[in-house]
Every structure is written in structure tokens, then in C-alpha cells.
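> for reference, the sequence and a predicted model appear below.
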Amino acid sequence: MSQMVERFQNMLDGGEDSAMLRFSLGNALVTDGQQAAAVEHLERALELDEGYSAAWKLLAKTLVALERPQRALEVCERGMAIAEEKGDLQAVKEMEVSAKRARRLLEAGGEADT
């Protein structure tokens, strides 16, 4: 476990909770190669702040990396709509890339999400 993961997990264990903390922990987990563990925290970040474009973007990218294309497409669609409403066009473009990758996985017979 990296120092960043440990630091953010300690904050969470200490009773702190926010969209920013969950996103930061999720991002640290992805960086540490723990994508599956990151999903829970990124989803929680979005429960706390549905308008958090960076969390939508990272969740979509992580789901593609985990070869969960159906869920990744759902996240991309919702995240792109929210980012577009906010005028966050860079996030929209990045999620379009994730959506394209997810579609390719589905076409190639990628895993059906559970």
C-alpha cells in the first residue's frame, strides 16, 4: 500500500468523508494498481457530489481498464451529460475516449458486467 493510499485511508477511518477525499483515495488506488478497490471510492465520491467531473472521468477510465465495458458506457453517458452542463469540455472529450474504448471491448466480446 502506498503512503498516499494509507494517508487517505487513515483520514477516512478517522471519520472524515467527502467527495474530494473519496476521489483522492480512488485516484491513489488507481495509481497504486488497485483499480478494483478504487471503484467503490469513486462511486462514493459521486454519491456525495454528482457534479464531480473528474470522478466521473476517472471512474469511466478505471472501469474500461477493468474490462467492465457496459458499466463504463453508463458512467460515460451520465458523466458526459453532467460535464457538458458544467461546460467542462475537456472532461467530455476524455470520457468520449473512454466510451469509444468501452464500445470496442463490447464489440470484441468483452465481459458482461456483473
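On my side now, so go ahead.
> centre-most residue in the chain?
residue 59 (1.2 Å; C-alpha atoms, centre = their mean).
> so what's that one up against?
When contacts are counted by C-beta atoms under 8 Å, 6 or more residues apart in numbering, residue 59 touches 26, 39, 42, 43, 46, 75, 79. Heads up, the C-betas are built off the backbone N, CA and C, glycines and all.
> quick one: contacts of the helix or strand where the last one lies?
Under the criterion DSSP states H and E, the helix or strand holding residue 79 is helix 69-86. The set of residues external to helix 69-86 that reach it, using C-beta under 8 Å, 6+ apart, is 50-51, 53, 56-57, 59-60, 63-64, 89, 91-92, 95-96, 98-99, 101-103, 105-106, 110-113.
> isn't residue 30 up against residue 62?
Yes. With contacts counted by C-beta atoms under 8 Å, residue 30 reaches residue 62, the gap being 5.8 Å.
> shared neighbours of these two, which are they?
Shared contacts of residue 30 and residue 62 (C-beta under 8 Å, 6+ apart): residue 38.
> sorry, back to before: would you mark the buried spots in the helix holding residue 79?
69-76, 78-80, 82-83 (16 or more other C-beta atoms under 10 Å).
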